[in-house]
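Trainee: Provided below for reference: sequence and predicted model.
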Amino acid sequence: MSPFLMYLLLFALGLGTTITFASSHWFLAWVGLEINTIAILPLMASLHHPRAIEATLKYFLIQATAASTLLFATILNAWSTGQWDITHMTDPLSVILLTLALALKVGLAPLHTWLPEVLQGLDLTTGLILSTWQKLAPFALFIQIASYNSILLLVLGLLSMLVGGWGGLNQTQLRKVLAYSSIAHLGWMVIILQFVPALSFLALFMYIAMTFSMFLVFKWIGTTNINALAISWAKAPAVTALMPLVLLSLGGLPPLSGFMPKWLILQELSKQDMGVIATLAALTALLSLYFYLRLSYAMTLTMFPNNLAGVLPWRFQCSQVTFLFAMSIVVTLVLLPVTPSAITLFFC
């Protein structure tokens, strides 16, 4: 792909998300989502591989279904209320359809089945865009309609946490593991969305930072399955030493940064007299932590047989840019002590 076309598609991705962020009209929000979808399709198909083409086609069909459902729900609401304002959703059927359409767009359970298959067919760079940037525009709409459909959001959040933790247990492909990790983290964001939207936004920020570092690590060591993690120590010893901490941060283990949003979400659920839901959420976090520990074990406690070709790569000078990589790992690991400052920043 030519650099001009690449920059044009990246600009269109930013433009679509910005239009959705800035719009108060449902039609403009829908236009922004469609620009976002159309812009990422050439990036997904740029590998010219059958798996990539299949993933692109699946993604297009799913996003077209979600977009048509969203447009139908907004037209139905405009028909009953006479206005297209995002903050005026008074028709119950429209709210349910709209919530399900946005859940299908981001991959919330039980509308999640497309996400692992699509992510498995993409390269790691495009998968990173799909797992992070493509979540922003639908999530902005979720925040604005969260108060209209509280019970459905609670159900979607709990199902996503359970499916995300359970589905990742028996996976050997790293991209599918990251897909189920995305589903589980989205469940944490959605379940608190109606009570404290700023806390949900904080969880989204931490998820993007942790996922960014994970994708960069896998791209750095050039692996897409668990078995290949055993030779990562020969390719990048320092990164291999930091990797278990990044994985445990994704699992929400203290004293790492990933513990912060889970801690605050459980605290807020307890304040809302939802002790049972908070307990279920904490139990589902253990499922996710298990497969993160499995990846850590495969990376640091298993060792590939020594040979000259396997030991040499780390001795060569690295030509990759490491600034973003280093910054994302720092954010993933050491933000827990600044929790009061983060609360002040996001809640004010």
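Mentor: Arrived safely.

Trainee: what's around residue 168, how many residues?
Mentor: By the criterion of other C-beta atoms under 10 Å, residue 168 has 25 neighbours. Every residue, glycine included, has its C-beta placed from N, CA and C.

Trainee: give me the number of residues near residue 339?
Mentor: 16.

Trainee: how about the contacts made by it?
Mentor: Residues near residue 339 by C-beta atoms under 8 Å, 6 or more residues apart in numbering: 260, 264.

Trainee: tell me how this structure divides into domains.
Mentor: For the chain, automatic domain parsing gives the domain ranges 1-142, 149-348.

Trainee: could you give the mean pLDDT of stretch 24-37?
Mentor: Per-region confidence: stretch 24-37 scores 91 on mean pLDDT.

Trainee: mind saving the C-alpha coords of it as PDB?
Mentor: Written as PDB, here are the backbone C-alpha positions of stretch 24-37 (Å, rounded to 0.1, in the frame of the first residue of the first chain):
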ATOM      1  CA  SER A  24     -25.500  15.600  18.600                       C
ATOM      2  CA  HIS A  25     -27.600  14.400  15.700                       C
ATOM      3  CA  TRP A  26     -28.100  10.600  15.100                       C
ATOM      4  CA  PHE A  27     -27.600  10.800  11.400                       C
ATOM      5  CA  LEU A  28     -24.300  12.600  11.700                       C
ATOM      6  CA  ALA A  29     -23.200  10.000  14.300                       C
ATOM      7  CA  TRP A  30     -24.200   7.300  11.900                       C
ATOM      8  CA  VAL A  31     -22.200   8.900   9.100                       C
ATOM      9  CA  GLY A  32     -19.100   9.100  11.300                       C
ATOM     10  CA  LEU A  33     -19.400   5.400  12.200                       C
ATOM     11  CA  GLU A  34     -19.700   4.500   8.500                       C
ATOM     12  CA  ILE A  35     -16.700   6.600   7.500                       C
ATOM     13  CA  ASN A  36     -14.800   4.800  10.300                       C
ATOM     14  CA  THR A  37     -15.800   1.400   8.900                       C
END
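
Trainee: what are the contacting residues of it?
Mentor: Contacts of stretch 24-37 (C-beta under 8 Å, 6+ apart): 12-13, 15-21, 23, 60, 63-64, 67, 70-71, 74, 77-78, 84-87, 105, 134, 137-138, 141.

Trainee: of those residues, buried ones?
Mentor: Neighbour-count burial (16 or more other C-beta atoms under 10 Å) is assigned, among the contacts of stretch 24-37, to 12-13, 16-17, 19-20, 23, 60, 63, 67, 70-71, 74, 77-78, 84, 86, 105, 134, 137-138, 141.

Trainee: which residues touch stretch 172-183?
Mentor: The contact list for stretch 172-183 (C-beta under 8 Å, 6+ apart) reads 107-109, 112, 115-116, 119-120, 122, 124, 127, 131, 135, 160, 163-165, 167-168, 171, 207, 211, 214-215, 218, 223-227, 229, 250, 288, 291-292, 295.
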